[in-house]
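K.L.:
Next come a sequence and a model predicted from it.
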Amino acid sequence: MEPHLHLLTDPRLSTVREKLVSMEGDLESIPTKSGDGVHAAVSVVLRGGSDLDLLLIRRAKSETDPWSGQMALPGGRQEPRDPSLLHTAIRETAEETALALEGTGVHLGRLEPTAPATKRLPPITIFPYVFGVPEEADARVSSREVDEVLWVPVYHLQDPRAADTVEIHYPEGNSRTFPCLNIDGRIVWGLTYRILTRFFALLSDQSPIK
């Protein structure tokens, strides 16, 4: 992805890269394919332009998907054919949104891995990778696993007015309330919420990125 380093002339993307590079030494090491456990990768894709936009998807409803119908970042499980988790993030983004990061973007760095905090979800470790793409980059639904693809201005996600809570009801009849982001009625919570809030915390000493 090095040929696209010209994207870093956008000071917002170069700032994000500097922040990510500065914390690389504190990150958990990337597992090898022979390591134990199930691993997945997601893409935090930032698109330049008058506003800096972030790519989100809404997963299709499916009885076999633990994250059925939820807002999410494009991504998925590492497959045996994937040489690395970075490749997993790039492949899954192309499969789900038709956005070819390898052809249009630049890898800015990665965030600390995260895992489900409940045994209701599969035991999996998710590695988020951050990318920058140019203003003309586009994405669309390109998988039956995805119902919607949208770009959301980062400043909208960082706006305190987007902070909300959501009540989740479980089959046993009980419910819990979780923090979330409410984006025009679309609720971002759970693992995606945790990844994004950690990402925004990394930039907390900066003004909201526009």
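P.N.:
Received it, and whenever you're ready, just let me know what you need.

K.L.:
how close does residue 117 sit to residue 70?
P.N.:
Summarising the geometry, the distance separating residue 117 from residue 70, computed by C-beta to C-beta, to the nearest Å, is 15 Å. For every residue, glycine as well, the C-beta is placed using N, CA and C.

K.L.:
In terms of neighbours, single out the busier of those two.
P.N.:
When neighbours are counted by other C-beta atoms under 10 Å, residue 70 comes out ahead of the other of residue 117 and residue 70, with 18 against 10.

K.L.:
The closest residue to that one other than its chain neighbours: neighbouring residues, count only.
P.N.:
If the residues on either side of it in the chain are set aside, residue 70 comes closest to residue 59, at 5.5 Å by C-beta to C-beta, 6 or more residues apart in numbering. The criterion is other C-beta under 10 Å. On that basis, residue 59 has 20 neighbouring residues.

K.L.:
Can you give me every residue that contacts residue 59?
P.N.:
By C-beta atoms under 8 Å, 6 or more residues apart in numbering, residue 59 lies in contact with 65, 67, 68, 69, 70, 71, 72, 145, 146, 147.

K.L.:
so which of the residues you listed is the most crowded?
P.N.:
Counting neighbours by other C-beta under 10 Å, the one among the contacts of residue 59 with the most is residue 71, which has 22 neighbours.

K.L.:
for it, phi and psi?
P.N.:
For residue 71, the backbone dihedrals (degrees, to the nearest 10) come out as phi -70, psi 140.

K.L.:
Check it and give its pLDDT.
P.N.:
Residue 71 carries a pLDDT score of 94 in this model.

K.L.:
I figured it was touching residue 187, is that so?
P.N.:
Yes. If you go by C-beta atoms under 8 Å, residue 71 and residue 187 touch, sitting 6.4 Å apart.

K.L.:
next one: the worst-scoring helix or strand of the chain on mean pLDDT to chain centre, how far?
P.N.:
Among the helical and strand segments of the chain, the one scoring lowest on mean pLDDT, DSSP states H and E is helix 101-104, with a mean of 88. Its chain's C-alpha centre lies 16 Å from the corresponding centre of helix 101-104 when counted by C-alpha atoms, centre = their mean, to the nearest Å.

K.L.:
name the helices or strands packed onto it?
P.N.:
Of the remaining helices and strands, those touching helix 101-104 by 3 or more C-beta pairs under 8 Å, 6 or more residues apart in numbering; DSSP states H and E are helix 85-97, strand 125-133.
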